[in-house]
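Peer 1: Turn this into a structure:
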Amino acid sequence: MTGKTFQFDFKDLQLTVDQIEMIMGYGEDDSRDTIREIIVKALSEADSFCNIKAEYRIFEKAVFNESARTAEINEMTFNIGKIIFGQIRKSDSAAIFLCTAGNEIGLRSWKAIKTGDLLEGYIYDVIGSEVVETAADLMQNELEECLKKSDMRITNRFSPGYCGWDVAEQHKLFHFMPYNYSGIRLTPSALMDPVKSISGIIGIGYDVKRLPYTCSLCNMKECIYRRKA
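Peer 2: Residues are numbered from 1 along each chain as shown. Coordinates of the predicted model:
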């Protein structure tokens with residue numbers, strides 16, 4: 001079993017105003033000067049307070065049950081459902097990961113909304129989501145490059161709460177991350193603190209692929225991957 005931890009600088013993510021506007025649903029011809037000003041301000045501030053961490057641990061043997069659509073790692077069964085199962089069932093091993101943008105950006109979103117500035121609160125919320133997802137991309141890219149040395153490949157990453165995977169199974173994932181370098185706290189109801197955090201699984205093997213997200217297979221409409229697509 002191997003693993004790696006990451007501490008990213010905000011500048012490593014190379015987030016842009018256009019990128020945040022796209023996630024918010026604005027097109028090239030939309031008038032949005034006021035919104036751009038808020039995004040520019042929020043991005044410039046985020047550089048000083050985001051505490052971006054990520055980690056993964058590789059488990060050498062993963063067993064996939066075709067009839068039950070489950071994954072088993074170290075005798076722990078994950079009920080990942082048919083969509084995720086179809087994407088990672090050919091994996092030989094698996095990486096479990098955690099990633100967080102830190103606590104402050106979620107607090108700023110909450111404070112802005114509480115004081116009535118819904119737009120600024122929403123912009124901080126979108127930036128926070130993009131920070132943690134982009135950091136997870138960097139972590140996943142590093143994992144992919146590392147495994148190429150052994151001619152192995154990876155799948156997409158998948159998280160509880162998406163594609164029919166019960167969010168309560170985050171408790172099982174955290175069981176495998178006892179040192180929790182990222183410092184994420186999991187509540188009894190399986191919510192993460194800081195809120196701008198993600199966890200999940202990545203399949204590893206010789207006969208798997210990392211693909212564009214197949215949003216047509218999933219009925220979750222308010223998903224960041226769907227909005228990107």
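Peer 1: what bits of this structure have low per-residue confidence?
Peer 2: By pLDDT under 70, the weakly predicted segments of the chain are 1, 27-31, 213-229.
Peer 1: Now do the strands in it.
Peer 2: 2-8, 52-59, 62-65, 70-73, 76-78, 93-100, 153-158, 185-186, 192-193, 197-205 (DSSP state E).
Peer 1: Looks like residue 15 contacts residue 134 (just checking).
Peer 2: Yes: if you go by CB atoms under 8 Å, residue 15 and residue 134 touch, sitting 6.6 Å apart. Using the backbone N, CA and C atoms, a C-beta is placed for each residue, glycine as well.
Peer 1: that older thread, of all the strands of the chain, which one is nearest residue 20?
Peer 2: The closest of those to residue 20 is strand 52-59. By CB to CB, the value is 16.3 Å.
Peer 1: Would you list the strands that the closest one pairs with, along with their directions?
Peer 2: strand 2-8 (antiparallel), strand 93-100 (antiparallel) (DSSP bridges).
Peer 1: Give me the angle between that strand and strand 197-205.
Peer 2: Calculated by axes from the mean of the first three to the mean of the last three CA atoms, to 10 degrees, strand 52-59 forms an angle of 30 degrees with strand 197-205.
Peer 1: For stretch 41-60, buried residues please.
Peer 2: 42-43, 45-46, 50-59 (16 or more other CB atoms under 10 Å).
Peer 1: now the end-to-end length of it.
Peer 2: Taking CA to CA, to the nearest Å as the measure, stretch 41-60 stretches 45 Å from start to finish.
Peer 1: same question, stretch 69-83
Peer 2: End-to-end for stretch 69-83, by CA to CA: 9 Å.
Peer 1: what's in contact with that stretch?
Peer 2: 59, 61-65, 68, 85, 88, 94, 96, 158, 163-166, 169, 172, 175-176, 201, 214, 217-218 (CB atoms under 8 Å, 6 or more residues apart in numbering).
Peer 1: again with stretch 43-56
Peer 2: 3-13, 15, 17, 20, 95-105, 108, 127, 131-132, 135-136, 138-139, 143, 177, 181-183, 202.
Peer 1: Helices along this structure, start to end?
Peer 2: Listed in chain order, the helices of the chain (DSSP state H) span residues 10-13, 17-24, 33-49, 81-88, 104-114, 118-148, 170-175, 224-228.
Peer 1: Could you dump those into a markdown table and include distance to residue 209?
Peer 2: Formatted as a markdown table, the helices of the chain follow (distance: least, CB to CB, whole Å):
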| stretch | distance to residue 209 |
| --- | --- |
| helix 10-13 | 25 |
| helix 17-24 | 25 |
| helix 33-49 | 33 |
| helix 81-88 | 9 |
| helix 104-114 | 33 |
| helix 118-148 | 11 |
| helix 170-175 | 23 |
| helix 224-228 | 16 |
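Peer 1: Looking at these, spot the one closest to residue 210.
Peer 2: Comparing those by CB to CB, helix 118-148 comes nearest, at 6.9 Å.
Peer 1: right, and residue 184 touches residue 191 too?
Peer 2: No: judged on CB under 8 Å, residue 184 makes no contact with residue 191 at a distance of 10.5 Å.
Peer 1: who has more neighbours, these two?
Peer 2: Using other CB atoms under 10 Å, the more surrounded residue of residue 184 and residue 191 is residue 184, with 22 against 13.
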